[in-house]
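Participant: for reference, the sequence and a predicted model appear below.
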Amino acid sequence: QVQLVESGGGLVQAGGSLRLSCAASGSIFSFNVMGWYRQAPGKQRELVARITSGGTPTNYTDSVKGRFTISLDNTKRTVHLQMNSLKPEDTAVYYCNARYFGLDFWGQGTQVTVSS
């Protein structure tokens, strides 16, 4: 059984910063890829950023490039998302994802709200 627990969401003004964290626990000690997705009201869930188990970021969606940074602490099985220069369009529920040989695990989501 795998659990992903997110933290760090909240309300911030445009231009501000937030740092999301996702801690994994359970029987899998090293995932192939970990990442963050988000879902805004009325929209589909979209990939924000992903990182390999070796710590190499593999994907950033275009809208966050240069503003968001994903990082991985393998010893703690924790993935972080540093979000700077936040915009109102970044408002969404952010979900942590961990992938292990075709198996996907999801966190419960954390709300990020950016006010203008």
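Facilitator: Arrived safely. Quick caveat, the model's predicted, so the values are computed rather than measured. Numbers count the residues shown, from 1 in each chain.
Participant: what pairs with the lowest-mean-pLDDT helix or strand in the chain, parallel or antiparallel?
Facilitator: Here the helix or strand of the chain ranked lowest by mean pLDDT, DSSP states H and E is strand 57-60, holding a mean of 86. Sheet partners assigned to strand 57-60 using DSSP bridges are listed as strand 46-52 (antiparallel).
Participant: picking up where we left off before, export the least confident helix or strand of the chain to CSV, keeping only CA atoms.
Facilitator: In CSV, the C-alpha atoms belonging to strand 57-60 read as follows (Å, rounded to 0.1, in the frame of the first residue of the first chain):
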residue,chain,number,x,y,z
PRO,A,57,13.2,17.0,-14.1
THR,A,58,11.7,15.6,-17.3
ASN,A,59,8.7,17.8,-18.0
TYR,A,60,7.3,21.2,-17.2
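Participant: return the distance of that strand from the chain's centre.
Facilitator: 11 Å (Cα atoms, centre = their mean, to the nearest Å).
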